[in-house]
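Trainee: structural data only, the sequence is not supplied:
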């Protein structure tokens, strides 16, 4: 092999290597640098809502504020404590709790001009596990407390038991006040088991309807005694969970209203029977009494007559 031919072989291999690298780059797609420059999807920004509780050093009961949420949010919770002026007091310790779990120990911040101490906590509420009672405890002589009760809206059913009769239909309702849930679900209780009511599968038995999102109604058709019991309406609020309202139903037979009447009628019949028996017994006894009286009168007359005869005989003898 000549020298010129030997030099041409490495040159050919070098050109082949460049071609292969370009092809690999094309098949591999865009570089990781270009991927890094692409914008990433941002998580939704939560609304920040501020709430404030003011308590006093002399308070013996916790000050409570109810916070109702229908969607995730960031809560800015501020507790302020009004104290009596004291130059010796330099710090006041504060403990933040959620339910019975301590989530932060801190020192309150003092406002020099108004003798007010304050503490703040940012609570990010994204799901149902973060709901509960957020409590700030100022460690004074009596431990002044402020409590933020964070919850979803309450579903409210009918407090009084509904009463209907076999064969009839009944309408039960629930509402969530001014708050609109995503949707409603109805349950009934069969022993210890909860059964979801599906009006699509059983339209001849159940009908679920509503005029507004914040309310729901359930109509039960063709009632039987088995339909009596507890019904639950459940309002679903995004990731924050749900709340339930209860409605109780009692189904009566048509004989049920007659039972008091029948009991009264039975008492009247018994009373009339006793009166009738007493009258019969009295009538049977009256002739016997009258016969005894006549016999006594007859005997009395006989005794009087015999006495008269004896008296007259005695007079004749005396003469």
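Mentor: Looks like it arrived, so ask away. Note that this is a predicted model, so its numbers are computed, not measured. Residues are numbered from 1 along each chain as shown.
Trainee: show me what secondary structure element comes after the helix or strand that residue 236 is a member of.
Mentor: Assigned by DSSP states H and E, residue 236 falls within strand 229-237. Sequence-wise, the next helix or strand downstream of strand 229-237 (DSSP H and E) is strand 241-252.
Trainee: for the most centrally placed residue in the chain, list each beta-bridge partner.
Mentor: Taking C-alpha atoms, centre = their mean as the criterion, residue 245 is the residue nearest the geometric centre of the chain, at 4.5 Å. With DSSP bridges as the criterion, residue 245 is bridged to residue 233.
Trainee: and the gap between it and residue 70?
Mentor: Remark: distance between residue 245 and residue 70 (C-beta to C-beta, to the nearest Å) = 16 Å. Just so you know, the C-beta spots here come from the backbone N, C-alpha and C atoms, and that holds for glycine as well.
Trainee: now residue 50: closest residue in space that isn't a chain neighbour?
Mentor: Excluding its sequence neighbours, the residue lying closest to residue 50 (C-beta to C-beta, 6 or more residues apart in numbering) is residue 76, at 4.4 Å.
Trainee: what is the burial count for the one you found?
Mentor: For residue 76, the count of nearby residues is 14 (other C-beta atoms under 10 Å).
Trainee: now it: phi and psi?
Mentor: With angles defined as degrees, to the nearest 10, residue 76 sits at phi -100, psi 100.
Trainee: low pLDDT regions in the stretch 201-319 of the chain?
Mentor: 255-259, 261-262, 284-319 (pLDDT under 70).
Trainee: can you give me the strands for it?
Mentor: Ranges of strands in the stretch 201-319 of the chain, per DSSP state E, counting those that start in this stretch, are 206-209, 215-220, 229-237, 241-252.
Trainee: just put these in JSON lines and tack on distance to residue 146.
Mentor: Formatted as JSON lines, those follow (distance: least, C-beta to C-beta, whole Å):
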{"stretch": "strand 206-209", "distance to residue 146": "41"}
{"stretch": "strand 215-220", "distance to residue 146": "34"}
{"stretch": "strand 229-237", "distance to residue 146": "25"}
{"stretch": "strand 241-252", "distance to residue 146": "24"}
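Trainee: so which of these is nearest residue 100?
Mentor: Minimum separation from residue 100 across the strands of the stretch 201-319 of the chain (C-beta to C-beta) falls at strand 241-252, 19.6 Å.
Trainee: check contacts around the residue lying closest to residue 208 once chain neighbours are set aside.
Mentor: Nearest residue to residue 208, sequence neighbours excluded (C-beta to C-beta, 6+ apart): residue 199, at 4.6 Å. Taking C-beta atoms under 8 Å, 6 or more residues apart in numbering, we find residue 199 in contact with 206, 207, 208.
Trainee: mark which of these are buried, thanks.
Mentor: 206, 208 (16 or more other C-beta atoms under 10 Å).
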